[in-house]
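A.B. asks: for reference, the sequence and a predicted model appear below.
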Amino acid sequence: MRAWLCGLDDEEILSVSSVLTFIGVEHSTSFTAFQLPDFVVIGHAVESVQLDEIIPVISLNSSLSVINGERHEENLWYCPLPWRSQDFWSVLKEIQQRRLLPQPSGVNLNLHVRHLEALLIRQALVSAQGVVSRAAQNLQIQRTTLIEKMRRYNIDKSEF
């Protein structure tokens, strides 16, 4: 699993990172570190957040207001610090189970198309050894279009 840490102070980052590392969850304070994190951890100082996607949120603030569609209450967990691995693990299991269930409101086609497009771009860059023009040929698109899409998905050719 992957987590994005948002709005955490240094003390919260240390505390949260140690638990996430212990239970094997990748995490970053940079949203662009992952194509799409499995959940977001919101710091105590954050009072409200608006997410474009319906994504599970673990908040350190009991009064956090999340605006991300119609079903935000069922995707929000309040977990104050300090976290105990045992208690936190049950929240992660619930998040993981919800990811496997079909969403009653349907599939977010935009999200899946963007995810697939970013994945195909990365694969093309790997097979082209980071050469953008060759990757563009493999994808059968213009080089400038590929560069634009790489910028949109924060894909750096130096990674390949």
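C.D. replies: That came through fine.
A.B. asks: who's in contact with the residue nearest the centre of the chain?
C.D. replies: Taking C-alpha atoms, centre = their mean, the centroid of the chain lies closest to Pro37, which sits 1.8 Å from it. By C-beta atoms under 8 Å, 6 or more residues apart in numbering, the contact set of Pro37 is Arg2, Ala3, Trp4, Phe31, Ile55. In short, each C-beta sits where N, CA and C put it, glycine included.
A.B. asks: give me the subset of the residues you listed lying in strands.
C.D. replies: Among the contacts of Pro37, the members found in strands (DSSP state E) are Arg2, Ala3, Trp4.
A.B. asks: buried among these? Need that as a selection in PyMOL.
C.D. replies: Filtering those down to the buried ones (16 or more other C-beta atoms under 10 Å) takes a single PyMOL command:
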select buried, resi 3+4
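A.B. asks: neighbours of Ala16, just the number please.
C.D. replies: In this structure residue 16 is Val, not Ala. A count of neighbours around Val16, defined by other C-beta atoms under 10 Å, yields 24.
A.B. asks: ok, back up a step: and the residue nearest to the centre of the chain, that one's in a strand?
C.D. replies: No. For Pro37, which was evaluated using DSSP: H, G, I helix; E, B strand; the rest coil, the result is coil, with no strand membership.
A.B. asks: what about it, distance to Arg2?
C.D. replies: Counting by C-beta to C-beta, to the nearest Å, the gap from Pro37 to Arg2 is 5 Å.
A.B. asks: do the same with Lys157
C.D. replies: 22 Å.
A.B. asks: again, but for Ile54
C.D. replies: Per C-beta to C-beta, Ile54 is found 16 Å from Arg2.
A.B. asks: coming back round to it: distance to Leu14 and pLDDT for the ones in strands among the contacts of Pro37 - can I get that in TSV?
C.D. replies: Output for these, formatted as TSV (distance: C-beta to C-beta, whole Å; pLDDT from 0 to 100):
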residue	distance to Leu14	pLDDT
Arg2	19	85
Ala3	15	87
Trp4	17	87
